[in-house]
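Colleague: A structural model of the following input is requested.
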Amino acid sequence: VAFSLRKTPTGVVPLAYTFRENGPAAGREFQPRPGANAADKQGRDRRPHKGSEDCTLRTGVPERYTGSKEEADMAIRKKLDAGRMNLKDEVVSINRVTKVVKGGKNMSFAALVIVGDPAEGVVGYGSGKAKEVPQAIRKGIEAAKKNLLKVNLTQYTVPHAVLGRYGAGQVLLKPAPEGTGVIAGKTVRAVMTAAGVQNVLTKSIGSANPHNVIKATFDALAQLRDRTEVAALRGKAIEEL
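Modeller: As a prediction, this is how the structure comes out:
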């Protein structure tokens, strides 16, 4: 990569980038985005921020995102309108938090909340912290409404087996025949019930921390695919699956 440099009072910044190597970007020139931060100007690696249409490549070159729709959906969760849904909330855990400061100790409460609409197959989670428990729960509900996920389900269970991971926690979801019910622990059961799953077999592996378990469960739910999506990815008709 060749750089065109310009001296400024704060240092030397590149004006443009030009690829010299062979490849799809050979000979192309890129201009830094307006308002790019110092890391972009110096050609450093930077991950795309949430909601941005363009990102910086591993070479530090600003370029428009060209990934697949599936990768984009996994990276940036589509926002759902919580006002049009009949969301029900459930408190998973409440922890008393103590912060030691110079003048003593500050006591507060942290609440982990699940919200969901079983009829729509929408579920979300959030956490809130406040001096009082009701305020912490209210903050958790508001955070959960901003973090909703549409789950792909069949008529009465999940479409296929899936393993979700987060940190040291793993959650396994397996389809179950009608009449089985929700076989899960307290934390995973809250998510499955809020999402509208009627029959499922689950197993929590590793960490029992409610935060890790919930995030691993949501990772598993985000991996679920229906027959239409699988057929589109494979380039086949639904009848051929």
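
Colleague: so what's V92 closest to, chain neighbours aside?
Modeller: Leaving aside its sequence neighbours, V92 sits nearest to L112 (C-beta to C-beta, 6 or more residues apart in numbering; 4.6 Å). Glycine gets a C-beta too; all of them are placed from N, C-alpha and C.

Colleague: tell me the secondary structure for the one you found?
Modeller: Here L112 takes the strand state, with states given by DSSP: H, G, I helix; E, B strand; the rest coil.

Colleague: give me the number of residues near it?
Modeller: L112 is surrounded by 24 other residues when neighbours are defined as other C-beta atoms under 10 Å.

Colleague: and it, what does it touch?
Modeller: If you count contacts by C-beta atoms under 8 Å, 6 or more residues apart in numbering, L112 has them with 91-94, 125-127, 140, 210-211, 214.

Colleague: which residues in this structure form strands?
Modeller: For the chain, the strands defined by DSSP state E cover 2-8, 11-18, 29-30, 54-56, 62-64, 88-101, 104-117, 122-130, 148-150, 162-166, 169-175, 182-183, 200-206.

Colleague: who wins for proximity to E239 among those strands?
Modeller: Closest to E239 of the strands of the chain, according to C-beta to C-beta: strand 169-175, at 20.8 Å.

Colleague: kindly calculate the angle that that closest one makes with strand 200-206.
Modeller: Orientation of strand 169-175 against strand 200-206 (axes from the mean of the first three to the mean of the last three C-alpha atoms, to 10 degrees) gives an angle of 160 degrees.

Colleague: next, the buried residues of stretch 223-235.
Modeller: 224, 231 (16 or more other C-beta atoms under 10 Å).

Colleague: lovely, talk soon.
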